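>>> coords below, sequence missing:
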């Protein structure tokens, strides 16, 4: 079992839909949770950064962390074609697990 | 300044060439990273520098040689690469070892 599992998709939704992207993990030492957006042939861009459990909102984006279930989510409201990209989750902890471990990324396509 | 810059954007090299990739950040971050990313795969960690000292080398072949001249600069020297080394090479930096900021990458093609 990989430390971080993420469905690669592609996930195809119509413009305006609410998108839910998810990752599960097995390492209970993870405390920091990140979501990156990566457009084709570009570097990943940090979207959301959350410490421990709970929700964090930034504009149309909401990140949720449920440490009891080892499950994290990214919600995108009112999705736009410009949101079409690959979304990578990443997580890290203290001590030996301080370097982020990445999921394989979910490809999102928002069609007009 | 909240960005990581990388040069060149694209690089094509033969297997006998020597070239270097450059990365720069002015956010005062003391950890800097090199990643390799193949198409449709997540970034794969190569090296980590912490306070200008190499702290992690993920068993990368010696044809890749990192260098950190100062706290703002990171280089990756390339020599005798193989076609399978063609990939997007990403530099990242972080204040702490989690929230990483990535550069745009150098797309490397080895002929």
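That came through, no problem. Computed from a predicted model, the values in this text were never measured in an experiment.

>>> Just list the residues touching the spatially most central residue of chain B, thanks.
Centroid-nearest residue in chain B, with CA atoms, centre = their mean: residue B:34, separated by 3.3 Å. Residue B:34 sits next to B:23, B:45-47, B:64, B:66, B:74, B:76, B:89-91 when contact means CB atoms under 8 Å, 6 or more residues apart in numbering or on different chains. For every residue, glycine as well, the C-beta is placed using N, CA and C.

>>> Kindly report the same for residue A:54.
So residue A:54 contacts A:64-65 (CB under 8 Å, 6+ apart).

>>> strand partners of whichever strand or helix holds the residue nearest to the centre of chain B, parallel vs antiparallel please.
Here residue B:34 is covered by strand B:31-37, with elements defined by DSSP states H and E. Applying DSSP bridges, strand B:31-37 is found paired with strand B:44-50 (antiparallel), strand B:87-94 (antiparallel).

>>> Low-confidence ranges, chain A, go.
The model of chain A has pLDDT under 70 over residues A:1, A:95-97.

>>> So which residues on it come close to chain B?
Chain A comes close to chain B at residues A:8, A:32, A:34, A:36, A:41-46, A:49, A:88, A:90, A:92, A:98-100, A:102-105, A:107, as judged by CB under 8 Å from any CB of the partner chain.

>>> coming back round to it: filter the contacts of residue B:34 down to the buried ones, PyMOL style.
Burial among the contacts of residue B:34 is assessed by 16 or more other CB atoms under 10 Å in any protein chain shown; the matching PyMOL selection reads:
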select buried, chain B and resi 23+45+46+47+64+66+74+76+89+90+91
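
>>> of the contacts of residue B:34, closest to chain A?
The nearest member of the contacts of residue B:34 to chain A, counting by CB to the nearest CB, is residue B:90 at 5.3 Å.

>>> quick one: the closest one and residue B:42 touch, right?
No - with contact defined as CB atoms under 8 Å, residue B:90 does not count as touching residue B:42 (10.7 Å).

>>> how far away is the residue nearest to the centre of chain B from residue A:18?
37 Å (CB to CB, to the nearest Å).

>>> Could you do residue A:105 as well?
Remark: distance between residue A:105 and residue A:18 (CB to CB) = 20 Å.

>>> who has more neighbours, the two?
Legend: neighbour count by other CB atoms under 10 Å in any protein chain shown for residue A:105 and residue A:18, higher for residue A:105 (26 against 12).
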